[in-house]
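Q: Need the 3D shape of this:
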Amino acid sequence: MTPEEIERYARHIVLREIGGPGQNKLLDAKLLCVGAGGLGSPALLYLAAAGVGTLGIVDDDTVSLSNLQRQVLHETNAIGEAKTTSAARALARVNPNVSVETHTIRLDEDNIDEIFAGYDLVLDGTDNFSTRYMVNAACVRAKIPLISAAMSQWEGQISVYDPANGGPCYQCVFPEAPADGLAPNCAQAGVMGALAGVMGSMMAGEAIKQITGAGQILRGEILIYDSLYGETRKLKTSRRKNCPICGIV
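A: Residues are numbered from 1 along each chain as shown. Reported below is the predicted structural model:
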């Protein structure tokens, strides 16, 4: 590390669980965030500040006024601009040493494997089940750990899905999408803006632990946070033998 990097990341380096070796792992890491919205915004900001060497962003949406209540990457003057462009500009302000790769495209079965190739870790901050299942399947194929979070109204959840290392995949835990109307998205149900900051920051924290080997990641556990009552709880999760994506033979 350069003297400037040592000073910038000093508060990581003095942590026993990270230190210089862990910070170097962050500098060498290549992460992909699917979605630069409510969850992706805080996650990307903290990962850039942490010095993750390469941050990829996949999003085909543009910034709208209704995003700004929670999507803290974006500014009022970015309304109408591609979220990837707005995000890259914001991350450069936070840490100009981080390389940002933008993919202003809608993920589909034809492009997802090529886009995911070469990344060490994927963060999923999308808001619909079809994309989450597609992202999960691509991560399983590529043996890439997946950090996935979701939120609605006052409650959020987060877990690490990593069947290559003994944990369940997303579809093990959520075998089928809920029926229409049972799991409305944020536009339909609303969401408390600061909840996005909490859950996105948790995603960044899990990513930092995954990369550096610090502590214990949420593999085999799902953490649920109720911001209305200030409560958290954990549930154990496990692989399903009949999972069509990662089923145990």
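Q: mind listing the strands in this structure by residue range?
A: Ranges of strands within the chain are 30-34, 54-58, 99-103, 121-124, 146-152, 155-161, 221-226, 231-236, based on DSSP state E.
Q: Which strands and helices lie in contact with the first one?
A: Okay, so that is strand 30-34. helix 40-50, strand 54-58, strand 121-124 (3 or more C-beta pairs under 8 Å, 6 or more residues apart in numbering; DSSP states H and E). For the C-beta atoms, the positions are set from N, CA and C on the backbone; glycine is no exception.
Q: partners of the shortest one in the sheet?
A: Think strand 121-124. strand 30-34 (parallel), strand 146-152 (parallel) (DSSP bridges).
Q: same check, this time on the second one
A: Taking DSSP bridges as the criterion, strand 54-58 pairs within the sheet with strand 30-34 (parallel), strand 99-103 (parallel).
Q: Pull the first one out as PDB, backbone CA atoms only.
A: Read that as strand 30-34. Only the C-alpha atoms of strand 30-34 are listed here, as PDB (Å, rounded to 0.1, in the frame of the first residue of the first chain):
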ATOM      1  CA  LYS A  30     -13.800  -7.300  -7.500                       C
ATOM      2  CA  LEU A  31     -17.400  -7.000  -6.400                       C
ATOM      3  CA  LEU A  32     -20.600  -6.700  -8.400                       C
ATOM      4  CA  CYS A  33     -23.700  -4.900  -7.100                       C
ATOM      5  CA  VAL A  34     -27.000  -5.700  -8.900                       C
END
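Q: mean confidence for that strand?
A: Mean per-residue pLDDT for strand 30-34: 98.
Q: And for stretch 42-50?
A: Averaging pLDDT residue by residue across stretch 42-50 gives 98.
Q: sorry, back to before: so for residue 175, which of the helices and strands packed on strand 30-34 sits nearest?
A: strand 121-124 (17.2 Å; C-beta to C-beta).
Q: Buried residues, that closest one. List them.
A: For strand 121-124, burial by neighbour count (16 or more other C-beta atoms under 10 Å) applies to 121-124.
Q: would TSV of these with distance to residue 15 be doable?
A: TSV is the format used below for the buried residues of strand 121-124 (distance: C-beta to C-beta, whole Å):
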residue	distance to residue 15
121	20
122	25
123	22
124	27
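Q: can you put those residues in a markdown table and add distance to residue 108 and pLDDT?
A: Putting the buried residues of strand 121-124 into a markdown table (distance: C-beta to C-beta, whole Å; pLDDT from 0 to 100) gives the following:
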| residue | distance to residue 108 | pLDDT |
| --- | --- | --- |
| 121 | 21 | 98 |
| 122 | 16 | 98 |
| 123 | 19 | 98 |
| 124 | 15 | 98 |
